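**Q** build me a structure from this.
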Amino acid sequence: MAAAEPSKRRSGGGGSAQRRTARDRDRESGAGSAAQVMHSAAEQLSSLIGTPPESVSAIKPTDDGWEADVEVLELERIPETTSVMATYRVTLNAEGDLVAYERTHRYTRGQIDRR
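**A** Sure, this is the predicted structure:
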């Protein structure tokens with residue numbers, strides 16, 4: 001009976017191999033992961049506005065691709081809590097190319113949301 005147990009373990013590993021295959025199919029079809037899209041959105045926005053992003057605060061898939069909110073330092077001040085930040089909404093198509101962006105919000109770094 002002990003010999004049958006190792007074969008059960010081996011046969012159970014097939015599920016993870018099937019999941020890896022599905023992920024590979026997604027990559028081959030051009031579908032990107034959220035992490036890849038976040039990096040791409042930040043990088044492409046940075047090359048357009050000439051300012052490196054601080055972070056990506058939101059990302060969501062849309063019917064045509066992805067939408068992300070990227071936080072950017074627009075004006076550095078001392079103390080840092082008074083620096084001016086901006087949120088840019090970035091729209092990417094299904095291939096991950098930036099097709100639109102707009103500044104949606106400006107605020108000081110030390111500001112807390114009032115919602």
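**Q** please make it C-alpha for all contacts and neighbour counts, starting now.
**A** Noted.
**Q** where do the helices of this protein begin and end?
**A** Taking DSSP state H, the helices of the chain run over residues 4-12, 14-28, 34-49.
**Q** what's the mean pLDDT across the shortest one?
**A** It refers to helix 4-12. The pLDDT scores in helix 4-12 average 43.
**Q** tell me which residue is most central in the protein.
**A** Compute the mean C-alpha point of the chain, and by Cα atoms, centre = their mean the closest residue is residue 38, 2.3 Å away.
**Q** low-confidence ranges in this structure?
**A** 1-32, 114-115 (pLDDT under 70).
**Q** isn't residue 89 right up against residue 68?
**A** Yes - at 5.7 Å, residue 89 and residue 68 qualify as touching, with contact defined as Cα atoms under 8 Å.
**Q** now residue 96: how far from residue 41?
**A** Distance, residue 96 to residue 41, by Cα to Cα, to the nearest Å: 8 Å.
**Q** let me redo that: residue 65
**A** Using Cα to Cα, we find residue 65 at a distance of 12 Å from residue 41.
**Q** what sits up against stretch 90-105?
**A** With contact meaning Cα atoms under 8 Å, 6 or more residues apart in numbering, stretch 90-105 is reached by 30-32, 37, 40-41, 44-45, 64-70, 86-89.
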